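> return atomic coordinates for the entry below.
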Amino acid sequence: MTDASGGETTAAEPKSWGRWIGRPGRSLTRRLIWLAAAWIVVALLLTGWALTRQYEESTLRRLGFVLNETIDDVVLATTVTPEGVTVAEIKDSLTLRPLSGKYWAIGELDGQGGVRMLARSPSLAGEDLIVPAGLADRLSDAFGQTISYNAEGPIDRPLRVAASLKTLPGRDAPLVLMAGIDRSTIDADARQFATFTWIALLILGVGLVIAVFLQVQIGLRPLFGLRNEIADVRKGKAARIAHSYPVEIQPLAEQVNRLLDQNQETVERQRTHVGNLAHALKTPLSVMLAEAGTQEGVLPDMVRKQTEVMKAQVDHHLRRARAAARAQLLGERTPIAEVIDELAVMLERVFEWKNVEIDWRAPDELGFRGERQDLQEILGNLMENACKWAKRRVRISAGPTHLGQMVVVVEDDGPGLPADQREAALQRGMRMDETTPGSGLGLSIVVELTRAYGGKITLGDSDMGGLKVLLELPTAEI
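This next block holds a predicted model:
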């Protein structure tokens, strides 16, 4: 298909149960419980409807037998004479007592679609059984058969009526034989049965839903355990999945363990390569520095300076490679409060000559998801830079966020940094003040290590008057 612009479009895929069940983000437990509950509700509704319907129909069939017997009794008691129709006394006390609830009547078709009554039971007390419209035609079409219907009887009581068109000896024209019985008690019994049935099915349904909930919870418990073990591996509380699981999910646990082993082997191999490269490069550079240091002149000085730059660059890139390799490992965690405390004590001694005070706040349970050495290098560079530019005070605060990250804020009361120079300050080798010692690699090292762990660094203005560094890093539970 093509749209108005000539581009191809695809027809909308029809929705299906399969797509709904496989939709991501839905709880497997909730999905199983809802599906089972929906089926239970439908099954119980159909069962309740079938039971109440069957009870009502069986009751009406029993009433039909009684009415047919009454019609047969009337037929046997009826005598046709030239003067008319005579009905002998029927030995049924209910048909003799007025308004007893059981009645009979004899009529004939009036040729206009109605029935004209010829005789009736004493229990009708002069009333007639109601004949619905179209009954005469139905009786003619079903000659000799019984037709049943509901009607309203004397004193406004519901009746079940049976009527049949029959030909009796001595009369050519057929007669309409009718019998009716009060169905109030039957209706009350049907309502009571329906009420009991629905209450019982409701209790059964609640019990089945609770049973399904318990079954799902117990049945999926191994999956919950596997999920918790994987979370412990990610948080660093375990190195691998240690428990055994049912045969359906044990292969999954084994595959996760193989993946962890493979990841560990890959990282260790990367570390080995990085270490070998560091040894291969640092040794020649150290020899060059040593040889250049023993001689004087323009060339030795140039060799010495360039070698130092090369060594700094090698250290920088090797550090970045090691951080990238370590960031792939699961389970690494470092308590941030301990690292900040160690660095604060050390830097207060280093900058004791300018009476720098470092005020820091960090929860004891807050942890960095990475190696301690990398966190020390990140925070060490930031805190040292803050102490270097601070007048007297440095403030550090750390706390978790709701996104699985933590935020570390480093502030000082120094001169700060103009907004147009902040981006350049994060670039490798950039120094904003040539009068202060340093190589200009401190902040760039922080940026590289932070990015290697999937974090972010932002520079801003502190309410203390100096620079504020906002650092986002992955967090881990301690």
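> which single strand of this protein contains the most residues?
If you go by DSSP state E, the chain has its longest strand at strand 467-477.
> which strands or helices does it pack on?
Strand 467-477 sits against strand 366-368, helix 372-389, strand 405-412, helix 442-452, strand 456-461, with contacts defined as 3 or more C-beta pairs under 8 Å, 6 or more residues apart in numbering; DSSP states H and E. Any C-beta I mention is one placed from the backbone N, CA and C, and that applies to glycine too.
> gap between the shortest one and the chain center?
Pointing back at strand 366-368 there. Computed by C-alpha atoms, centre = their mean, to the nearest Å, the chain-centroid distance of strand 366-368 equals 30 Å.
> mean confidence for it?
Taken as a whole, strand 366-368 has a mean pLDDT of 88.
> tell me the strands beside it, with direction?
Strands that pair with strand 366-368, judged by DSSP bridges, come out as strand 334-335 (antiparallel), strand 467-477 (antiparallel).
> figure out which of those strands is closest to I106.
Nearest of the strands paired with strand 366-368 to I106, taken as C-beta to C-beta: strand 467-477 at 92.5 Å.
> so for the closest one, what gets flagged as buried?
Residues L467, K468, V469, L471, E472, L473, P474, T475, A476 are the ones in strand 467-477 that count as buried (16 or more other C-beta atoms under 10 Å).
> so in terms of bridging, what pairs with the fifth one?
Judged by DSSP bridges, the bridge partners of E472 are V407, K456.
> hang on, isn't it packed against V407?
Yes - E472 lies in contact with V407 (C-beta atoms under 8 Å); the separation is 5.7 Å.
> now stretch 51-61: buried residues?
Buried residues in stretch 51-61, counted by 16+ other C-beta under 10 Å: L51, T52, E56, T59.
> any idea how far the second one lies from R62?
Noted for T52: a distance of 16 Å to R62, by C-beta to C-beta, to the nearest Å.
> swap in the first one?
If you measure L51 against R62 using C-beta to C-beta, the figure is 17 Å.
> where along the stretch 51-200 of the chain do the helices fall?
Counting by DSSP state H, counting those that start in this stretch, the stretch 51-200 of the chain has helices at residues 93-96, 135-141, 184-219.
> can you say which of the ones you listed is nearest to L177?
Counting by C-beta to C-beta, L177 lies closest to helix 135-141 out of these; the figure is 9.9 Å.
> quick one: buried residues of that closest one?
By 16+ other C-beta under 10 Å, the buried positions in helix 135-141 come out as L135, A136, L139.
> how far away is the last one from V176?
Meaning L139. For L139, the distance to V176 equals 6 Å [C-beta to C-beta].
> swap in the second one?
When C-beta to C-beta is applied, the distance between A136 and V176 equals 8 Å.
> need the residues touching each of the two.
With contacts defined as C-beta atoms under 8 Å, 6 or more residues apart in numbering, the residues shared by A136 and V176 are L109, V115.
> just send the helices and strands packed on strand 467-477 back as a markdown table, with mean neighbour count and distance to E83 too.
As requested, the helices and strands packed on strand 467-477 are exported to a markdown table (neighbours: other C-beta atoms under 10 Å; distance: least, C-beta to C-beta, whole Å):
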| stretch | mean neighbour count | distance to E83 |
| --- | --- | --- |
| strand 366-368 | 23 | 113 |
| helix 372-389 | 21 | 121 |
| strand 405-412 | 22 | 108 |
| helix 442-452 | 20 | 118 |
| strand 456-461 | 15 | 114 |
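> in JSON lines: the ones you listed, plus distance to L289.
JSON lines is the format used below for the helices and strands packed on strand 467-477 (distance: least, C-beta to C-beta, whole Å):
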{"stretch": "strand 366-368", "distance to L289": "35"}
{"stretch": "helix 372-389", "distance to L289": "23"}
{"stretch": "strand 405-412", "distance to L289": "33"}
{"stretch": "helix 442-452", "distance to L289": "21"}
{"stretch": "strand 456-461", "distance to L289": "32"}
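> which stretch in those has the least confidence?
Lowest mean pLDDT within the helices and strands packed on strand 467-477: helix 442-452, at a mean of 79.
> packing partners of that helix?
Where contact means 3+ C-beta pairs under 8 Å, 6+ apart, helix 442-452 is packed against helix 298-327, helix 372-389, strand 456-461, strand 467-477.
> ok, so of the buried residues of stretch 51-61, who is nearest Q217?
Closest approach between the buried residues of stretch 51-61 and Q217, by C-beta to C-beta: L51, at 31.5 Å.
> re earlier: quick one, the longest strand of the chain and strand 456-461 angle?
Between strand 467-477 and strand 456-461, the angle comes out at 150 degrees (axes from the mean of the first three to the mean of the last three C-alpha atoms, to 10 degrees).
> so for strand 467-477, mean pLDDT?
Mean per-residue pLDDT for strand 467-477: 87.
> for that strand, C-alpha coordinates in CSV please.
C-alpha atoms of strand 467-477 as CSV (Å, rounded to 0.1, in the frame of the first residue of the first chain):
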residue,chain,number,x,y,z
LEU,A,467,32.8,26.6,41.2
LYS,A,468,30.3,23.8,41.6
VAL,A,469,31.0,20.4,40.0
LEU,A,470,28.0,18.1,39.7
LEU,A,471,29.0,14.5,39.2
GLU,A,472,26.6,11.6,38.2
LEU,A,473,27.8,8.1,38.7
PRO,A,474,26.2,4.6,38.9
THR,A,475,25.2,3.6,42.4
ALA,A,476,25.3,0.2,44.0
GLU,A,477,23.8,-1.0,47.2
